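Visitor: I'll drop the sequence and a predicted model, then ask my questions.
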Amino acid sequence: MEKIIFFMNTETYNQISLNENFLDGDELLLKGNQDVTIAMYKENPIEVILPTAISLIVTKSEPAVKGDSVNSSTKEVTCETGLTLQVPMFINENDVIKIDTKTKTYMTRA
């Protein structure tokens, strides 16, 4: 089932609804009340422009096991929006991490 995401212009309070397919995976980089820019052409949205980086809370992370760094220096985590990505081994649940919105990659702990 397709999800509809609503955006509101903070000046006019007009709302725009977009199908999650329009966002092409970027919906996992969105949190409620987050500021984004929507490029319009003839009153139709053509692109959602995200900030260059966002901060998300890690909600699922396997604990680092001593000796794992020999095989891999990263592990997969899940963030509050459902986004999964590779992060350094020292990142734990409830850590806030900064993510590059263009590449959807870990930048640093926030």
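Guide: Received it, and whenever you're ready, just let me know what you need. Residues are numbered from 1 along each chain as shown.
Visitor: just give me how far the helix-or-strand element of the chain with minimal mean pLDDT sits from the chain centre.
Guide: The weakest-scoring helix or strand in the chain, judged by mean pLDDT, DSSP states H and E, is helix 20-23 (a mean of 91). Chain-centre distance of helix 20-23: 14 Å, with CA atoms, centre = their mean, to the nearest Å.
Visitor: stretch 14-34 now?
Guide: Taking mean C-alpha positions (CA atoms, centre = their mean), stretch 14-34 and its chain are 10 Å apart.
Visitor: mind listing what the most centrally placed residue in the chain touches?
Guide: In the chain, the centroid-proximal residue (CA atoms, centre = their mean) is Leu29; its distance is 2.1 Å. By CB atoms under 8 Å, 6 or more residues apart in numbering, Leu29 lies in contact with Leu50, Ile54, Thr81, Leu83, Ile99, Thr101, Lys104. The C-beta positions use only the backbone N, C-alpha and C, and glycine is treated the same way.
Visitor: identify the bridge partners of the closest residue in space to the last one that isn't next to it in sequence.
Guide: In other words, Lys104. For Lys104, ignoring the flanking residues on the chain, the nearest one in space by CB to CB, 6 or more residues apart in numbering is Leu85 at 6.2 Å. Note on Leu85: beta-bridge partners by DSSP bridges are Val77.
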